[in-house]
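Asker: Here is a sequence together with a model predicted from it:
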Amino acid sequence: MKPHEPVLWNEVMVALSPRSGGTYIDGTVGGGGHASGILGLSRPDGRLLGIDRDPQALTVAQHALEEFGSRVVLVQGSFASLSDIARDRGYYPADGVLLDLGLSSMQLSTPERGFSFQLNGPLDMRFDMTSETTAADLVNQLPEAELADLIYHFGEEGRSRRIARTIVRNRPVETTAELASLVARAVGRRGRIDPATKTFQALRIAVNDELNVLTEGLRQAEEVLAVGGRLAVIAFHSLEDRIVKEYLRARSREGRATGEPVLHVVTRKPIRAGPEERAANPRSRSAKLRVAEKLG
C-alpha cells in the first residue's frame with residue numbers, strides 16, 4: 001500500500017497553529033500525516049481526535065501515530081457525526097478542526113477498493129465497507145436517465161447522457177477497467193485528463209453521499225469549535241469547494257445586522273500549493289485550503 005503524502009502540510013500547520021494543551025480534531029485522519037504534525041507541534045500535552053470512515057486508513061494511522069500514545073484517540077466514523085463523537089471522547093470544545101476531503105493515495109493504490117480507473121478491481125468505491133450500496137449497484141441498477149443525471153450533477157460531466165447510454169447497453173459492468181473502457185468508447189480520448197475521471201468522481205460521491213456529509217460536517221465542526229478555534233478545510237474539486245466557500249461566507253454574514261457573525265473567514269481566497277509541492281505531489285495541484293475562525 002502506497003503511503004499517503006498530506007497536501008498543504010505547512011499551510012495547515014500555520015492555519016491551525018497547534019499549541020501545547022490544545023485540543024484538535026482531524027475529521028479525515030487518513031494515514032495520519034496532518035495529525036502527526038499537529039501532535040508534534042502541540043507537545044507536550046496537546047491532544048488529537050482522529051476520525052475516519054475507512055477502517056483500513058485507521059489501521060495505518062494507528063501505526064503512524066503510535067509514538068504519541070494517549071495523546072491521540074482514533075475512532076471509525078463520519079465527520080457528519082463529529083459533534084457526538086467529540087463529546088463522547090472528551091474533545092469538546094476543540095481548538096482546531098481539520099477536514100481533508102477526497103481520496104487518499106492509499107485508497108487509490110488499493111485495486112480491490114475500486115476507486116481508481118488506472119488499476120483494475122471491483123466497482124466498489126465505499127469508504128466504509130459495511131455500507132450497503134456500491135458503485136456496481138448504481139452502474140448496473142439505475143435507470144439510464146437517473147445514471148446520466150448522477151454523472152452530470154456529481155461529475156460535472158457534460159457528456160453524461162452519452163456515457164450512461166453506453167453503460168446501460170453493456171450491462172453488467174463489474175470492474176473498474178470495464179467501466180473506464182466504456183466511458184472512453186462513449187466520449188473518446190482528448191487531452192491529458194482521462195475521460196473516465198468525472199464519471200468515477202460522480203459515482204464515488206454518490207456511493208458515499210459526500211456532499212450531504214460535507215454540509216453536515218461543516219455545521220458540526222463549527223459547533224464543536226471553542227471561541228477563537230479554527231476550522232481548516234481542504235477541497236479537491238469544485239463541488240466540494242463551492243459548498244465550503246458558501247458555508248463559510250454565509251456563517252460570516254449571519255447576524256451581521258447585529259454585528260455578531262458566527263465565523264471570521266481567514267482566507268478570502270483559497271490557499272493553493274506552491275510550485276515545489278505541485279511538482280513533488282501531483283495530487284496537490286487541485287487542492288484548495290479555506291480557513292475560518294470561531295467568533296464569540
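Answerer: Everything's here; your move. Numbers count the residues shown, from 1 in each chain.
Asker: Quick one, grab the pLDDT at H4.
Answerer: Here, the pLDDT recorded for H4 equals 61.
Asker: And T130, by the same measure?
Answerer: The per-residue pLDDT of T130 was computed as 92.
Asker: which element is it on?
Answerer: According to DSSP states H and E, T130 maps onto no helix or strand at all.
Asker: which residues in the stretch 51-200 of the chain form strands?
Answerer: Secondary structure of the stretch 51-200 of the chain by DSSP state E, counting those that start in this stretch: the strands cover 72-76, 94-100.
Asker: What mean pLDDT does the longest one get?
Answerer: Okay, so that is strand 94-100. Here the average pLDDT along strand 94-100 is 98.
Asker: which strands and helices sit next to it?
Answerer: Judged by 3 or more C-beta pairs under 8 Å, 6 or more residues apart in numbering; DSSP states H and E, strand 94-100 is in contact with helix 9-16, strand 23-26, helix 33-41, helix 210-224, strand 225-235. C-beta here means a position set from N, CA and C on the backbone, and glycine is covered the same way.
Asker: Tell me which of those lies nearest to E246.
Answerer: Distance to E246, taken as C-beta to C-beta, is lowest for helix 210-224 among the helices and strands packed on strand 94-100, at 9.7 Å.
Asker: so the closest one versus strand 94-100, what angle?
Answerer: 170 degrees (axes from the mean of the first three to the mean of the last three C-alpha atoms, to 10 degrees).
Asker: Between the two ends of stretch 72-86, how far is it?
Answerer: 13 Å (C-alpha to C-alpha, to the nearest Å).
Asker: which parts of it are buried?
Answerer: 72-75, 77-83, 85-86 (16 or more other C-beta atoms under 10 Å).
Asker: follow-up on the earlier one: could you provide the helices and strands packed on strand 94-100 in CSV, with additional columns for distance to F68 and mean neighbour count?
Answerer: Shown next, in CSV, are those (distance: least, C-beta to C-beta, whole Å; neighbours: other C-beta atoms under 10 Å):
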stretch, distance to F68, mean neighbour count
helix 9-16, 16, 18
strand 23-26, 12, 28
helix 33-41, 5, 22
helix 210-224, 21, 20
strand 225-235, 20, 22
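Asker: can you put those in CSV and add mean pLDDT and distance to E132?
Answerer: Formatted as CSV, those follow (pLDDT from 0 to 100; distance: least, C-beta to C-beta, whole Å):
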stretch, mean pLDDT, distance to E132
helix 9-16, 98, 34
strand 23-26, 98, 27
helix 33-41, 98, 29
helix 210-224, 98, 16
strand 225-235, 98, 27
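Asker: quick one: the residue nearest to S116 when sequence neighbours are not counted from M125, how far?
Answerer: The shortest distance from S116 to any non-neighbouring residue, by C-beta to C-beta, 6 or more residues apart in numbering, is to L108 (4.7 Å). From L108 over to M125 the distance is 11 Å, taken as C-beta to C-beta, to the nearest Å.
Asker: Now for the two: what residues contact both?
Answerer: Common neighbours of L108 and M125 (criterion: C-beta atoms under 8 Å, 6 or more residues apart in numbering): F115.
Asker: about what we covered before: pipe the strands of the stretch 51-200 of the chain into TSV and attach distance to V227 per row.
Answerer: As requested, the strands of the stretch 51-200 of the chain are exported to TSV (distance: least, C-beta to C-beta, whole Å):
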stretch	distance to V227
strand 72-76	23
strand 94-100	10
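Asker: would you put the C-alpha positions of stretch 89-98 in CSV?
Answerer: The C-alpha trace of stretch 89-98 is given here as CSV (Å, rounded to 0.1, in the frame of the first residue of the first chain):
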residue,chain,number,x,y,z
ARG,A,89,-14.5,11.2,23.7
GLY,A,90,-13.9,14.4,25.7
TYR,A,91,-12.8,16.6,22.8
TYR,A,92,-15.5,19.3,23.1
PRO,A,93,-14.8,22.1,22.7
ALA,A,94,-11.9,21.9,20.2
ASP,A,95,-9.2,24.5,19.4
GLY,A,96,-8.9,23.3,15.8
VAL,A,97,-10.7,21.1,13.3
LEU,A,98,-9.3,19.8,10.0
